[in-house]
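S.K.: Coordinates for the following, if possible.
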Amino acid sequence: MKLIFKNKLNLFLLLSVALHLMFIFKNLNILDFEKASRTEHQKEIAKKGIKIVLRDREKPQLQIVATEESRNKEAPKDSKFLSRENQTVDRQTIAKVINSFNQGGGGAKQIAPVNKPIPPSKKKKALHGKVSLADLSHDSLPEKRVESMAMAAIQGIGAHGKGLSSNNDYIEDIPLGDMTLLNTAEFKFYGFYFRIRQQLEQYWGKTLREKANNLYKSGRRLAADQDKITSLVILLDSKGNIIEVGVKSTSGVKELDDAAVESFNKAGPFPNPPKDMIVDGTVKIEWGFVVKS
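M.R.: This is a model prediction of the structure:
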């Protein structure tokens, strides 16, 4: 049996090599033809005096983030983040408390809901432990507390007391710290994106809770091996009304994708988009929603 398998394998390899050689020869012929065509085309262009401009490879996309201010307002030499202004920090950190963006010190107060007292044991888990989709499906977790989760607020909810920094940006490869401090380049449209973010935060937590309930009632569970990311492409008209919300890349879980789409539709419209963002009467933006495993 091993011999038969070996003979068949050798035959397969020979056929495979033959096919690859055939493709190589075909590619060589095509390349020779294309090379000759390009040469003739370039000669024709040279006669007409048309200038050829070579485009660089597409640069990696930069991430729009919220960060606390640094005294150093110099533009960073190399940063993958965009924000309200240029700034450079000695050490980049991201706030370990996941919640709506809040600056430390004199920041806004966040008061825990008092309508449904949480027992000490459960309170400790809710404030300091990781919160999973299973937790979201339990009625013991106060609804208002879930609604206060914003964007990526599944990983864990920290005690959000007076002056405690928090952030809900999905930022990788940056160490956790007491506050969010990042090297950022000024982004002229940051204000518009921040307004969209604030409106989304009103709906994302509640919508996600509803979808999580449906998911667990159906008996399904999510694998905890990776984060679930839904990327959307949104088309607005010149007044900020939503024309279309489409899924660019799926999280692999329909309920999570639906929660992202529904949250955006509920959050709109987004009035007064910057004129420089309007192209042919429309504004195109991309947005990512992350559920931590």
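
S.K.: Ramachandran angles for the nearest residue to Y190 once chain neighbours are set aside?
M.R.: In space, Y190 comes closest to R84 once its chain neighbours are excluded; the distance is 4.9 Å by CB to CB, 6 or more residues apart in numbering. For the C-beta atoms, the positions are set from N, CA and C on the backbone; glycine is no exception. The phi/psi pair for R84 (degrees, to the nearest 10) reads phi -70, psi -30.

S.K.: quick one: contacts for R84?
M.R.: With contact set as CB atoms under 8 Å, 6 or more residues apart in numbering, R84 has these partners: 184, 186-187, 190-191, 194.

S.K.: What's the ChimeraX line that selects buried ones from the residues you listed?
M.R.: A single ChimeraX command suffices to select whichever of these are buried according to 16 or more other CB atoms under 10 Å:
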select :184,187,190,194
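
S.K.: Okay, helices next: where are they in the stretch 151-293 of the chain?
M.R.: For the stretch 151-293 of the chain, the helices defined by DSSP state H, counting those that start in this stretch cover 190-200, 204-217, 254-267.

S.K.: Break the chain down into its structural domains.
M.R.: For the chain, automatic domain parsing gives the domain ranges 58-187, 189-293.

S.K.: With mean pLDDT added, can I get those domains in JSON lines?
M.R.: Converted to JSON lines, those look like this (pLDDT from 0 to 100):
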{"stretch": "domain 58-187", "mean pLDDT": "65"}
{"stretch": "domain 189-293", "mean pLDDT": "92"}
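
S.K.: contacting residues around the residue nearest to V291 when sequence neighbours are not counted?
M.R.: Leaving aside its chain neighbours, V291 sits nearest to K228 (4.3 Å; criterion: CB to CB, 6+ apart). Contact analysis of K228 by CB under 8 Å, 6+ apart lists 222, 251-253, 256, 290-291, 293.

S.K.: Which members of the residues you listed come out as buried by neighbour count?
M.R.: Buried by 16+ other CB under 10 Å: 222, 251, 253, 256, 290-291, out of the contacts of K228.

S.K.: Tell me which of these fall in strands.
M.R.: Among the buried ones among the contacts of K228, the members falling in strands (DSSP state E) are 290-291.

S.K.: sorry, back to before: what about the residue nearest to Y190, distance to D78?
M.R.: As for R84, its distance to D78 is 19 Å (criterion: CB to CB, to the nearest Å).

S.K.: Now T184: closest residue in space, sequence neighbours ignored.
M.R.: The spatial neighbour of T184 that comes closest, neighbours along the chain excluded (CB to CB, 6+ apart), is S83 at 3.7 Å.

S.K.: Now do the SS call for the closest residue to I174 other than its chain neighbours.
M.R.: Computed as CB to CB, 6+ apart, the closest residue to I174 that is not its neighbour in sequence is I94, at 4.7 Å. The three-state label given to I94 by DSSP: H, G, I helix; E, B strand; the rest coil is strand.

S.K.: Report the contact partners of I94.
M.R.: So I94 contacts 167, 169, 171, 174-177, 180, 182 (CB under 8 Å, 6+ apart).

S.K.: try it again with 7 Å
M.R.: By CB atoms under 7 Å, 6 or more residues apart in numbering, the contact list for I94 reads 167, 171, 174, 176-177, 180.

S.K.: okay, the buried ones among the contacts of K228 in JSON lines with distance to S238 next?
M.R.: Formatted as JSON lines, the buried ones among the contacts of K228 follow (distance: CB to CB, whole Å):
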{"residue": "L222", "distance to S238": "39"}
{"residue": "S251", "distance to S238": "31"}
{"residue": "V253", "distance to S238": "34"}
{"residue": "L256", "distance to S238": "31"}
{"residue": "V290", "distance to S238": "30"}
{"residue": "V291", "distance to S238": "33"}
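
S.K.: Now flag whichever of the buried ones among the contacts of K228 is closest to G268.
M.R.: Nearest to G268 out of these is L256 (CB to CB; 19.6 Å).

S.K.: Need the helices of the stretch 151-293 of the chain in TSV (columns: distance to I242).
M.R.: Shown next, in TSV, are the helices of the stretch 151-293 of the chain (distance: least, CB to CB, whole Å):
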stretch	distance to I242
helix 190-200	11
helix 204-217	15
helix 254-267	6
